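*Asks:* predicted model and sequence follow; I will ask about them next.
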Amino acid sequence: MTDTTAAARMVRLVREARSWAQHDLANAAGISQGFVSKVEKGLLPLTGDYLDKVAAALAVPPDLLRTSEPVGGVEVTCLHHRRRSSVMSVTTMRAVEGLTHLTRLSVDRLSTDVDRLLPRRELIRMPVEEHGSPATIAGTLRKFWDVPDGPVHDVVGLFESAGVRVMRRDLGTTAQDAVSTWPAGRQPLILINRGLPPDRERFTLAHEVGHLIMHEMPSDEQEKEANQFAGEFLAPATDLEPLLAGLTVRQFPKLAELKLTWKVSMAMLIQRAADLDCISANQFKSFRIRLNQYGWSKREPGDLPAESPRHIAGLVKTQLDRHGHDVDAVAGIALMLPEPFRRHYLPLVVDDSGPAAVRS
């Protein structure tokens, strides 16, 4: 739904997505901070030349600011836990939330009338309060999706087959690996912070799916529960426990082999060994110390092959095909200017012959 008057909440959302204060927008648009404040409170309309100035300052088309899409908080994700733990500032949290909502809006519009990309599987909500432990829920989901025993070889592809849209973006902070949102009646969206090693990215995706299906309201236990879900989903206890039994600190080569087989980090395998009582608390501490000594706490040796999200790329390619590869037209559908659309979306559209041909 659109209106000739800019939606007050949308102006604020786009401003916060840029990590701007009101005075930053005022200076960039050549207007007063008081005017910006009244617009965002819905006390003044933003139309005509003023709308064009604000849109130009924010580097968005005026149509985006006219859009009265519902704007709420990102549902239940790690963001709010990070904020409560003072790991992330309010400004950064709102910027990530803004980016997530704007991406969702663009992707939803790109998906209009695209039937061939409907999900093959179903993602269902299983609140942890009603469905047992996170490990139980992970096992239930694997069975529901007919995931074979053993490692999950393509986490991105599996989640996308259930309608989860996955996109890599620079979240502007190292305090957040990903953020997810699942508004009622929409498909879930997960934004993964660009640059994560593949093992960490796989775990992060499973962690976020744990949030999406288990957590409808924030809780103090949500991060622990999402980690437990991810661990069991990627490496079920019945498969992993015999492999980790009797593990010692001298067996990092064994961990490296298991990492390549199960496509999870050595750090996660160590955590699983502790959770499954395959190692003692003292052994767990020794393993963590050794990881830090080796400098492997952030990035381990033995990178796994990267997995490629394809769903959003398929949406973009479909729209480009429909519109004669006219980037400006497709950017308009996404409520974006052509330049940022080219930067963030065109690199996704790659096939065997290279990037799709486009025209301005």
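*Replies:* Looks like it came in fine.

*Asks:* run a quick neighbour tally on Lys263.
*Replies:* 21 (other CB atoms under 10 Å). Using the backbone N, CA and C atoms, a C-beta is placed for each residue, glycine as well.

*Asks:* correct me if wrong: it contacts Leu304.
*Replies:* Yes. Using CB atoms under 8 Å, Lys263 makes contact with Leu304 at a distance of 5.3 Å.

*Asks:* between the two, which contacts overlap?
*Replies:* When contacts are counted by CB atoms under 8 Å, 6 or more residues apart in numbering, Lys263 and Leu304 are jointly contacted by 198-199, 202.

*Asks:* just the mean pLDDT for stretch 122-140, thanks.
*Replies:* Regarding stretch 122-140, the rounded mean pLDDT is 95.

*Asks:* any idea how far that stretch is from the chain center?
*Replies:* Distance of stretch 122-140 from the chain centroid (CA atoms, centre = their mean, to the nearest Å) equals 20 Å.

*Asks:* end-to-end on it?
*Replies:* Criterion CA to CA, to the nearest Å; first-to-last residue distance in stretch 122-140 is 13 Å.

*Asks:* care to break this protein down by domain?
*Replies:* By the assignment in automatic domain parsing, the chain contains the domains 1-71, 237-293, 311-355.

*Asks:* what about the residue nearest to the spatial centre of the chain, which SS state?
*Replies:* Here the mean C-alpha position of the chain is nearest to the C-alpha of Leu191 (CA atoms, centre = their mean), at a distance of 2.1 Å. Classification of Leu191 using DSSP: H, G, I helix; E, B strand; the rest coil returns strand.

*Asks:* beta partners of it?
*Replies:* When bridges are called by DSSP bridges, Leu191 pairs up with Met167, Val179.

*Asks:* so what's it up against?
*Replies:* 99-100, 103, 167-169, 171, 178-180 are the contacts of Leu191 under CB under 8 Å, 6+ apart.

*Asks:* any low-confidence regions in this structure?
*Replies:* Residue ranges of the chain with pLDDT under 70: 1-4, 70-86, 115-117, 350-360.

*Asks:* all strands of it, in order?
*Replies:* Using DSSP state E, the strands of the chain run over residues 165-169, 178-181, 189-193, 350-351, 354-355.

*Asks:* which one of those lies closest to Met88?
*Replies:* Evaluated with CB to CB, the strands of the chain place strand 178-181 nearest to Met88, the distance being 11.0 Å.

*Asks:* how far out from the middle of the chain is that closest one?
*Replies:* Chain-centre distance of strand 178-181: 4 Å, with CA atoms, centre = their mean.

*Asks:* so which elements touch it?
*Replies:* Counting contacts by 3 or more CB pairs under 8 Å, 6 or more residues apart in numbering; DSSP states H and E, strand 178-181 is packed against helix 78-84, helix 90-110, strand 189-193, helix 198-214.

*Asks:* and of the ones you listed, who's closest to Tyr50?
*Replies:* Among the helices and strands packed on strand 178-181, helix 90-110 comes nearest to Tyr50, with 21.2 Å by CB to CB.

*Asks:* which of the residues in the closest one are buried?
*Replies:* Buried residues in helix 90-110, counted by 16 or more other CB atoms under 10 Å: 92-110.

*Asks:* what packs against it?
*Replies:* Using 3+ CB pairs under 8 Å, 6+ apart, the elements in contact with helix 90-110 are helix 8-17, helix 78-84, strand 165-169, strand 178-181, strand 189-193, helix 311-322, helix 327-333.

*Asks:* picking that back up, out of the contacts of Leu191, who's nearest His311?
*Replies:* Using CB to CB, the contacts of Leu191 come closest to His311 at Met167, 8.8 Å.

*Asks:* can you give me the neighbour number for the closest one?
*Replies:* Count around Met167 with other CB under 10 Å applied: 21.

*Asks:* ok so, going back, in a markdown table, list the helices and strands packed on helix 90-110 along with distance to Lys259.
*Replies:* Conversion of the helices and strands packed on helix 90-110 to a markdown table gives the following (distance: least, CB to CB, whole Å):
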| stretch | distance to Lys259 |
| --- | --- |
| helix 8-17 | 36 |
| helix 78-84 | 24 |
| strand 165-169 | 22 |
| strand 178-181 | 21 |
| strand 189-193 | 20 |
| helix 311-322 | 27 |
| helix 327-333 | 40 |
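
*Asks:* any idea which of those is most buried?
*Replies:* Comparing the helices and strands packed on helix 90-110 by mean neighbour count (mean count of other CB atoms under 10 Å), strand 178-181 ranks first with a mean of 26.

*Asks:* tell me the contacts of Gly172?
*Replies:* Here Gly172 is in contact with 19, 92, 95-96, 99 (CB under 8 Å, 6+ apart).

*Asks:* and which of these is nearest to Val152?
*Replies:* Val152 lies nearest to Val96 out of the contacts of Gly172, by CB to CB, at 26.7 Å.

*Asks:* gap between Leu13 and Ile190?
*Replies:* 19 Å (CB to CB, to the nearest Å).

*Asks:* no, scratch that, I was asking about Asp277
*Replies:* As defined by CB to CB, Asp277 lies at a distance of 32 Å from Ile190.

*Asks:* likewise for Ala7?
*Replies:* 26 Å.

*Asks:* kindly report the same for Ile137.
*Replies:* 18 Å.

*Asks:* which residues sit in contact with Ile137?
*Replies:* Contacts for Ile137 were tallied using CB under 8 Å, 6+ apart; they are 126, 128, 131, 210, 213-214, 229.

*Asks:* which residues touch Leu247?
*Replies:* 254-255, 273, 278-279, 283.

*Asks:* out of the strands of the chain, nearest to Lys38?
*Replies:* Here strand 178-181 is closest among the strands of the chain (CB to CB), at 29.2 Å.
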